[in-house]
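Colleague: the following block contains a protein sequence and its predicted model.
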Number of protein chains: 2
Amino acid sequence: MAEDREVTIYDIAKYLNISAATVSRGLKNNPMISKQTRKKITDAATMLGYQSNTFASSLRSRQTHTLGVLVPRLNSHFMSSVLAGMENAANLHGYNLIIAQSLEDVDKEKRNVLTMYNKRVDGLLISLSANATDINHLEPFFKKQIPVVFFDRVHSHADSTCVGIDNYDAAYHITTHLISQGCKRIMHLGGNLLRNVYNDRFKGYKKALKEHHLPFSAALHLVSNLSEQAGTDAASYILELPPAERPDAVFSANDTAAVYCMLALKAAGLRIPEDIAFAGFNNDPISKVIEPNLTTMNYSGEAIGNTAATYLINHLKGSNNLHATNAITLRADLVIRASSLKKDTAG
Amino acid sequence: MAEDREVTIYDIAKYLNISAATVSRGLKNNPMISKQTRKKITDAATMLGYQSNTFASSLRSRQTHTLGVLVPRLNSHFMSSVLAGMENAANLHGYNLIIAQSLEDVDKEKRNVLTMYNKRVDGLLISLSANATDINHLEPFFKKQIPVVFFDRVHSHADSTCVGIDNYDAAYHITTHLISQGCKRIMHLGGNLLRNVYNDRFKGYKKALKEHHLPFSAALHLVSNLSEQAGTDAASYILELPPAERPDAVFSANDTAAVYCMLALKAAGLRIPEDIAFAGFNNDPISKVIEPNLTTMNYSGEAIGNTAATYLINHLKGSNNLHATNAITLRADLVIRASSLKKDTAG
DNA sequence: TATTTTTACGCAATCGGTTGCGTTTATTTT
DNA sequence: AAAATAAACGCAACCGATTGCGTAAAAATA
């Protein structure tokens, strides 16, 4: 009873007594085919339950309508928002997403890049793993002119565009805010300086210090993976400092480390923000739950994902050009919450 | 200089003066081909920079080595963990993932299912959207014997397997725990009862009540989408109840609603757990940040994702059978934290 | 050495759309 | 009405790997 063979354009052609070529064109709304014929074709297609075979199509046309997405880790609030944004954009334009994670491992990143390449993705969206020192593994893409868009953890390249926020500026503002609250010894919990996001935040932090004639102290700059544990460790570090050398504020490059640092310091009896003010980065859900609520930098992962994917797709469709655009910077705004409010705002 | 054409098995064949058929077989380690020839083939392949064309392969072999993943929302901690688990399993076995989200909309779910079908995924991993009343849209898959594995938000079907936890049992235990702490008026913040996860949790909650001769009151059962807003709304609802009718505990079907309910009640001056105890579900990161820390049900999204994907892949490889297995239940354990500890544990 | 069995490989037909180019039919121009 | 142009469609060769079946060469057996 159930037909085992797939319905093909040849079946439609036979059914309508026309050629398969016409059917193929008709299904793609090729103006070369008359309106009436097109209608007949699409009608017959739905009638017969036709489903286009993407392989045959991709094989011949060399287009997959698939985008590769490579991220360090899938399971973070930020990254899942990015993916949601990308999925929206892709879905809207008839593209699919192949998603893989490098788990912060360059070797896995390389393997995944190769897989994406083999799968002939039409374009690649990538956020680099922590320990990637170069982007030589992307050469096959550049060589074959397959467009690459970096997002968040980017790496400048002549043939591709970067989508993200201005981390330098954001960190500068957040640090300035802490200074405006009267903080003078501001610690920075930073990430791997190989990655632009952490490097830029570090630079923005230093710039703000310098501008306000505050000294930069290496003792107040901790580099870690910004995990929960790293936050807790930072707290221990702070508590072990001689009271006179303790920071009166902490600017963390992400909310997770900030929150877990706060929790440990609160447990040790420190008051926030009176004894030590806090600011994070990301506007992660936990920043609205910790008490006092965490001052942080808000930017939309969904917007980043959506923008990056849309931009890539538009490039593929020829309506814009990656090579002309070096970077797209999205808005990020400082969300001031109780964790950093030392002075009366009424002041 | 740069060759534009792809390197194909024909190039390898020509290079070695053998047939393309032999090359094809040699690349797949077909024992029909002698060891030496195989070696020559693989060597020539890497030498010439050969990359297999998956379309040609898929077109002919009718296998895509791609799994479709369809989830309600990508951006939740739980779901991104699930995806991470799936990605691991898929990557390990040489499979790829095509991921899409339904945004809790059946229509989008239907469209996505169709896309996956068109993309000829080898199998489908799906968690149903909130308002899906049936799974008729999966019929094409069942009809074509393409394996389907449900996870988390499942729907029993003769031809597929469900992977998740025992929500009934988990809710029963969590409610029993609240009762053991002396709570007598336990409210339940539940989700859409169409979905097994919420329905089962509701039933488990009721069973625990009944077993301890506590009356079930519809006034203490709120159904919502369990969002932040829903949690806040639940708090308002509680505060508006006559003091005598107020619950002395809340069991929420997820952590988000629980946490936002707690925040609002705390702001209103209620003490947790003294005035009202709390328990959530999911062990979301926020449950460890809220004060007091939230008692919740912990289960691994990664394990669910990994198990579901692995099981599907094994089925595809023929080493196990979906039809024989109705459901796979993973472990979930109660994590007791301060939000529900009314009695001295030393007691 | 003749014959059977194995082993190793080649032939050629797929899989199902796509597309350059040629051909027919309809429309416009002179 | 004849000629020129445009519109609509068909032919057939792809795209690159897979695989059933056939065959030549090598090994085993008689």
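Modeller: Nice, thanks for sending it over.

Colleague: report pLDDT for residue A:58.
Modeller: The score at residue A:58 is 91. That number is its pLDDT.

Colleague: packing partners for the helix or strand hosting it?
Modeller: Assessed by DSSP states H and E, residue A:58 sits inside helix A:54-61. Counting contacts by 3 or more Cβ pairs under 8 Å, 6 or more residues apart in numbering or on different chains; DSSP states H and E, helix A:54-61 packs against helix B:54-61. (Each C-beta comes from the backbone N, C-alpha and C, glycine too.)

Colleague: partners of the following helix or strand past the helix it packs on, with directions?
Modeller: Later in the chain than helix B:54-61, the nearest helix or strand by DSSP H and E is strand B:66-71. Sheet pairing for strand B:66-71, assigned by DSSP bridges, gives strand B:96-101 (parallel), strand B:123-126 (parallel).

Colleague: between the longest one and helix B:54-61, how big is the angle?
Modeller: Computed by axes from the mean of the first three to the mean of the last three Cα atoms, to 10 degrees, the angle separating strand B:96-101 from helix B:54-61 equals 100 degrees.

Colleague: quickly check: the following helix or strand past strand B:96-101 near chain A or not.
Modeller: Next helix or strand after strand B:96-101 toward the C-terminus (DSSP H and E): helix B:106-118. Yes. Using Cβ under 8 Å from any Cβ of the partner chain, helix B:106-118 comes into contact with chain A via B:112, B:115, B:117, B:118.

Colleague: grab the nearest non-local neighbour of the third one.
Modeller: Excluding its sequence neighbours, the residue lying closest to residue B:117 (Cβ to Cβ, 6 or more residues apart in numbering or on different chains) is residue B:140, at 5.2 Å.

Colleague: and that neighbour, how many neighbours?
Modeller: 16 (other Cβ atoms under 10 Å in any protein chain shown).

Colleague: residue A:246 now?
Modeller: Residues lying near residue A:246 (other Cβ under 10 Å) number 16.

Colleague: equivalent analysis for residue A:269, please.
Modeller: Number of residues near residue A:269 (other Cβ under 10 Å) recorded here: 8.

Colleague: how much space between it and chain B?
Modeller: 15 Å (Cβ to the nearest Cβ, to the nearest Å).

Colleague: so which residues of chain A form helices?
Modeller: Secondary structure of chain A (DSSP state H): helices at A:9-16, A:20-27, A:35-48, A:54-61, A:77-92, A:106-118, A:139-143, A:167-180, A:196-211, A:228-240, A:255-267, A:301-316.

Colleague: and the second one with helix A:54-61, angle?
Modeller: Direction vectors for helix A:20-27 and helix A:54-61, defined by the same axes, to 10 degrees, enclose an angle of 100 degrees.

Colleague: so which bits of chain A are right by DNA strand D?
Modeller: Proximity of chain A to DNA strand D is confined to A:17-22, A:31-34, A:36-37, A:56, A:59-60 under the rule Cβ under 7 Å from any atom of the strand.

Colleague: pick the one among those closest to residue B:27.
Modeller: Using Cβ to Cβ, residue A:59 comes nearest to residue B:27 of the residues of chain A next to DNA strand D, at 17.7 Å.

Colleague: give me every residue that touches that closest one.
Modeller: B:53, B:55, B:56, B:59 (Cβ atoms under 8 Å, 6 or more residues apart in numbering or on different chains).

Colleague: okay if I get those as a markdown table plus distance to residue A:274?
Modeller: Compiled in a markdown table, these are given as follows (distance: Cβ to Cβ, whole Å):
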| residue | distance to residue A:274 |
| --- | --- |
| B:53 | 65 |
| B:55 | 64 |
| B:56 | 68 |
| B:59 | 68 |
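
Colleague: most surrounded residue in those residues?
Modeller: Counting by other Cβ under 10 Å, top hit in these: residue B:55 with 22 neighbours.

Colleague: quick check: that residue touching residue A:55?
Modeller: Yes. At 4.5 Å, residue B:55 and residue A:55 qualify as touching, with contact defined as Cβ atoms under 8 Å.

Colleague: how far away is residue A:8 from DNA strand D?
Modeller: 12 Å (Cβ to the nearest atom of the strand, to the nearest Å).

Colleague: which stretches of chain A have low pLDDT?
Modeller: Under the criterion pLDDT under 70, the flagged ranges of chain A are A:1-5, A:344-347.

Colleague: show me what from it comes close to DNA strand C.
Modeller: Counting by Cβ under 7 Å from any atom of the strand, the positions of chain A adjacent to DNA strand C are A:5-10, A:20-21, A:24-25, A:27-28, A:50-53, A:56-57, A:59-61.

Colleague: OK, contacts around residue A:265?
Modeller: A:235, A:238, A:239, A:272, A:275, A:276.

Colleague: if you set the cut-off to 6 Å instead, what comes out?
Modeller: Listed by Cβ atoms under 6 Å, 6 or more residues apart in numbering or on different chains, the contact partners of residue A:265 are residue A:235.

Colleague: to residue A:187, which of the helices of chain A lies closest?
Modeller: Residue A:187 lies closest to helix A:228-240 among these, at 7.1 Å (Cβ to Cβ).

Colleague: between that closest one and helix A:255-267, how big is the angle?
Modeller: Going by the same axes, to 10 degrees, helix A:228-240 makes 40 degrees with helix A:255-267.

Colleague: dump helix A:228-240 to PDB, restricted to CA.
Modeller: Taking C-alpha atoms only, helix A:228-240 is exported to PDB below (Å, rounded to 0.1, in the frame of the first residue of the first chain):
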ATOM      1  CA  GLU A 228      31.900  29.300  39.600                       C
ATOM      2  CA  GLN A 229      35.000  27.900  41.200                       C
ATOM      3  CA  ALA A 230      37.100  30.800  39.900                       C
ATOM      4  CA  GLY A 231      34.700  33.200  41.500                       C
ATOM      5  CA  THR A 232      35.000  31.400  44.800                       C
ATOM      6  CA  ASP A 233      38.700  31.200  44.500                       C
ATOM      7  CA  ALA A 234      38.900  34.900  43.900                       C
ATOM      8  CA  ALA A 235      37.000  35.500  47.100                       C
ATOM      9  CA  SER A 236      39.600  33.500  49.000                       C
ATOM     10  CA  TYR A 237      42.300  35.500  47.400                       C
ATOM     11  CA  ILE A 238      40.700  38.700  48.500                       C
ATOM     12  CA  LEU A 239      40.100  37.500  52.000                       C
ATOM     13  CA  GLU A 240      43.700  36.500  52.300                       C
END
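
Colleague: ok now it, how far from the chain's centre?
Modeller: Relative to the centre of its chain, helix A:228-240 is centred 27 Å away, using Cα atoms, centre = their mean, to the nearest Å.

Colleague: please identify the buried residues of that helix?
Modeller: A:228, A:230, A:231, A:232, A:233, A:234, A:235, A:237, A:238 (16 or more other Cβ atoms under 10 Å in any protein chain shown).

Colleague: among those, give me the pair with the biggest separation.
Modeller: Spatial extent of these (Cβ to Cβ) is set by the pair A:228 and A:238 at 16.0 Å.

Colleague: coming back round to it: out of the residues of helix B:106-118 next to chain A, who has the most neighbours?
Modeller: Top of these by neighbour count (other Cβ under 10 Å): residue B:112, with 27 neighbours.

Colleague: surely that residue and residue B:69 touch.
Modeller: No. Using Cβ atoms under 6 Å, residue B:112 is not in contact with residue B:69; the gap is 9.9 Å.

Colleague: tell me, how many residues neighbour residue A:49?
Modeller: Neighbour number of residue A:49 under other Cβ under 10 Å is 11.

Colleague: in stretch A:80-88, what counts as buried?
Modeller: Neighbour count says stretch A:80-88 has A:80, A:81, A:82, A:83, A:84, A:85, A:86, A:87, A:88 buried, by 16+ other Cβ under 10 Å.
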